[in-house]
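[1] show me how the following folds:
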Amino acid sequence: MESYALLIGATLSAGTVLAIAALGLLINEKAGIVNLGAEGMMLCAAIAGFATVVHTGNTWLGFAAGMAAGALLAAIFGVLVIWLNTNQYATGLALSLFGVGFSAFAGISYVQAKLPELTRYAVPVLGDIPLLGPALFRQHPVVYLTMVLALALIWFLYRTRAGLVLRSVGESPESAHALGYPVRRIRLAAVVAGGALCGLAGAYISTVYTPLWVEGMVAGRGWIALALTTFATWRPARVLLGAYLFGGVTMLQFHLQATGVQVASQLLSMLPYVATIVVLALISRNPAWIRINMPASLGKPFYPGS
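    Below you'll find the model as predicted:
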């Protein structure tokens with residue numbers, strides 16, 4: 001039973017990475033912007049956060065540095081696609097490739113660097129409950145903050161005027177512009193906020209989840225987070241559930257290896273990506289369902305003069 005408690009705890013930690021990034025991308029897409037650069041932003045944020053913690057010893061400053069790096073790259077992406085009307089898909093892919101290369105270059109001197117020992121967290125009283133304590137109540141605070149973030153995003157999108165405006169910009173930017181809303185500035189703010197969350201996810205990977213720096217350590221999580229927004233049909237609660245599902249699939253490979261299951265490690269490593277492809281294939285069988293939930297202007301440029 002103890003091994004299952006550890007598996008649940010690891011699932012929450014692994015799912016947190018995907019949930020933070022996917023919630024950031026969800027904000028982008030609710031405003032009508034597709035950012036395929038999540039992988040690159042997360043990698044740059046990972047090295048920014050790791051380097052900051054190496055020099056300061058403060059994990060929270062590392063999170064701030066990662067968020068700043070993600071927000072900066074997202075702002076550059078936003079200016080290109082929102083003001084200069086470059087193709088969103090091509091620009092996002094370019095950002096992803098840039099992030100992969102730049103993070104590898106910037107991280108050369110940090111490959112052998114070590115971080116200070118991580119603080120062990122536990123919820124008072126609850127953390128001492130047998131089985132449930134190690135599984136649910138001994139997580140890093142960011143795990144719980146992610147759950148709060150999902151709830152806050154639900155409230156913002158569906159219970160506030162600002163959230164309604166954001167969704168209207170994603171559904172019909174021409175109508176929002178006709179009503180006097182600054183569509184481009186709203187979209188840029190959404191893109192920067194989404195980039196900051198992707199940056200937090202990247203910094204969490206390199207400073208908490210696997211506290212070291214290795215080239216390419218995000219390992220496709222940015223692409224899985226992007227797929228999660230479609231899997232969740234652009235709903236924050238479903239993003240959270242989907243993230244934990246994929247996190248569980250990721251951790252299952254290590255659990256099976258630890259229990260002595262004789263399966264090729266290469267096959268187990270494929271599980272998260274195979275699961276992503278299978279889920280997307282199943283969802284795509286009903287295009288009408290996707291069209292109903294997808295923001296109407298997703299991926300389309302906005303021309304104020306039209």
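[2] quick check: closest non-adjacent residue to residue 235.
    If the residues on either side of it in the chain are set aside, residue 235 comes closest to residue 293, at 7.7 Å by Cβ to Cβ, 6 or more residues apart in numbering. (Glycine included, C-beta is placed from N, CA and C.)
[3] now swap in residue 284 and tell me
    Once flanking residues are discounted, residue 284 sits nearest to residue 290: 7.3 Å by Cβ to Cβ, 6+ apart.
[4] next one: the one you found from residue 202, what distance?
    Look at residue 290 and residue 202: by Cβ to Cβ, to the nearest Å, they are 28 Å apart.
[5] which of those two has more neighbours?
    The neighbour count for residue 290 versus residue 202, taken as other Cβ atoms under 10 Å, is higher for residue 202 (37 against 14).
[6] need the helices for the stretch 101-250 of the chain, in chain order.
    In order along the chain, the stretch 101-250 of the chain carries the following helices (DSSP state H, counting those that start in this stretch): 132-136, 141-159, 161-171, 173-178, 183-204, 221-231, 236-258.
[7] only the buried residues of the fifth one, if you could.
    So that's helix 183-204. 183-184, 186-204 (16 or more other Cβ atoms under 10 Å).
[8] elements contacting it?
    Using 3 or more Cβ pairs under 8 Å, 6 or more residues apart in numbering; DSSP states H and E as the contact criterion, the neighbours of helix 183-204 among helices and strands are helix 2-30, helix 38-56, helix 59-78, helix 141-159, helix 161-171, helix 173-178, helix 221-231.
[9] what about this protein, any weak spots by pLDDT?
    When residues are selected by pLDDT under 70, those of the chain lie in 1-3, 257-266, 268, 289, 305-306.
[10] repeat that with 80
    Along the chain, segments meeting pLDDT under 80 span 1-6, 125-128, 130-132, 134-135, 250, 252-276, 279-293, 296, 304-306.
[11] quick one: which helix or strand includes the residue nearest to residue 284?
    When elements are defined using DSSP states H and E, residue 290 is found to belong to helix 287-293.
[12] quick one: contacts of that helix?
    The set of residues that contact helix 287-293 without belonging to it, under Cβ atoms under 8 Å, 6 or more residues apart in numbering, is 230, 233-235, 283-284.
[13] that older thread, and the residue nearest to residue 284, how far from residue 92?
    19 Å.
[14] please apply the same query to residue 238.
    23 Å.
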